[in-house]
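In: this is the structure alone, sequence omitted:
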């Protein structure tokens, strides 16, 4: 890889999240000697973006459906990060090209079906070539995956561990995010990366009951959150012995009042119902922001997220939290950018394949995120 033209290529740089990631990366690599390029299919838009960025940034034109072009590009970089979604439609050839070129890969998908597809099709080849393919390097699922690993490492290693994660987030969706969510629902992609109860080398791994409940420690209600995040957490637990002999995880939205619970359930049900059939999807598309559109800087500045983890291991109790700013865009840009920079470096964790962020990037990645303002803290025992 030392002879390659670039250390990191950002694909999809002119999209809404892509621009934010490009700005983050250009500022981070300026003056460091790290060779960065932005890539996409529209040369004029790429050139206009490059003119706005500090430092020297390369420019590469490629279409995500052109395998030959993707192979040529991925052969010239150590790592590639991509924001081009929906990934079920636009992502597989990018992964294939990275695996075939021996190039590390990171994305921001939250689509379970896509993650399951690339794991099934490319994990073996990626392991044989020593490549790390790391999906879900955005708000799905970095705070949850890294937060659970960090919490686990503060608990006894020889006891059963139970962790519940409670998510609070504010912010507005972009057109691309809304489209990805709609298409994932339409595809019915539940993505069981780890079945509800599995064994791995004699260790037991599974989910906690997904039911509405009162959380006295947080003065809130826990509402089951059917995102990809718990599957990613359990996939990490399956691969890391440090999660103990018996690990269980539950994933919930943290909601303050019964009225908010009812409103959230009703809204999710309405969105899911409309995304499930072709005629209502057409209506939903007209109501949602266009792809490439997203919240203003002022709206993003008001966004916040926190994930609070309540953990038990025998008699031990621990409460931790991961928190930051606008989850879907500003912080996701940091998460993807730092994942790409980490993969572009010489860090070798001794693992390869289609992996979770906690397994592929680990503690050095968490420290990178802390340096960028994402907070990991212990709230109590």
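Out: All right, it came through fine. Because the structure is predicted, anything quoted here is derived from the model rather than measured.

In: identify each buried residue in stretch 249-256, please.
Out: For stretch 249-256, a neighbour-count test (16 or more other C-beta atoms under 10 Å) marks 249-255 as buried. (Glycine included, C-beta is placed from N, CA and C.)

In: could you dump those residues to JSON lines with pLDDT?
Out: JSON lines is the format used below for the buried residues of stretch 249-256 (pLDDT from 0 to 100):
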{"residue": "249", "pLDDT": "98"}
{"residue": "250", "pLDDT": "97"}
{"residue": "251", "pLDDT": "97"}
{"residue": "252", "pLDDT": "96"}
{"residue": "253", "pLDDT": "94"}
{"residue": "254", "pLDDT": "95"}
{"residue": "255", "pLDDT": "94"}
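
In: dump those residues to a markdown table, plus distance to residue 91 and secondary structure.
Out: Shown next, in a markdown table, are these (distance: C-beta to C-beta, whole Å; DSSP: H, G, I helix; E, B strand; the rest coil):
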| residue | distance to residue 91 | secondary structure |
| --- | --- | --- |
| 249 | 26 | strand |
| 250 | 29 | strand |
| 251 | 24 | strand |
| 252 | 28 | strand |
| 253 | 27 | strand |
| 254 | 31 | strand |
| 255 | 32 | strand |
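
In: and which of the residues you listed is nearest residue 140?
Out: residue 251 (11.3 Å; C-beta to C-beta).

In: which non-adjacent residue is nearest that closest one?
Out: Leaving aside its sequence neighbours, residue 251 sits nearest to residue 230 (C-beta to C-beta, 6 or more residues apart in numbering; 4.0 Å).

In: number of residues surrounding that neighbour?
Out: By other C-beta atoms under 10 Å, the residues close to residue 230 number 26.

In: list the contacts of it.
Out: By C-beta atoms under 8 Å, 6 or more residues apart in numbering, the contact list for residue 230 reads 144, 165, 207, 249-251.

In: from residue 61, how far off is it?
Out: Distance of residue 230 to residue 61, given as C-beta to C-beta, to the nearest Å: 39 Å.

In: again, but for residue 103
Out: For residue 103 relative to residue 61 (C-beta to C-beta), the value is 18 Å.

In: and for residue 205?
Out: For residue 205 relative to residue 61 (C-beta to C-beta), the value is 44 Å.

In: do residue 52 as well
Out: Taken as C-beta to C-beta, the span from residue 52 to residue 61 is 18 Å.

In: need the contact list for residue 153.
Out: With C-beta under 8 Å, 6+ apart, residue 153 has these contacts: residue 242.

In: over to residue 214?
Out: 220-222.

In: residue 52 and residue 61 - which one has more neighbours?
Out: Shown here are residue 52 and residue 61; by other C-beta under 10 Å, residue 61 has more neighbours (14 against 11).

In: you'd agree that one is up against residue 40?
Out: Yes - if you go by C-beta atoms under 8 Å, residue 61 and residue 40 touch, sitting 7.2 Å apart.

In: between those two, what contacts are shared?
Out: With C-beta under 8 Å, 6+ apart as the test, residue 61 and residue 40 both reach residue 46.

In: you'd agree residue 305 is in a helix?
Out: No - using DSSP: H, G, I helix; E, B strand; the rest coil, the assignment for residue 305 is strand, not a helix.

In: what residues does it make contact with?
Out: So residue 305 contacts 139, 143, 167-171, 323-327, 331 (C-beta under 8 Å, 6+ apart).

In: could you do residue 42 as well?
Out: 14, 61.

In: how much space separates it from residue 59?
Out: 11 Å.

In: likewise for residue 379?
Out: The value you get for residue 379 to residue 59, if C-beta to C-beta is used, is 45 Å.

In: where does the stretch 251-381 of the chain dip in pLDDT?
Out: Residue ranges of the stretch 251-381 of the chain with pLDDT under 70: 258-292.

In: now do the helices in it.
Out: Counting by DSSP state H, counting those that start in this stretch, the stretch 251-381 of the chain has these helices, from start to end: 258-275, 278-287, 297-301, 330-344, 357-360, 362-371.
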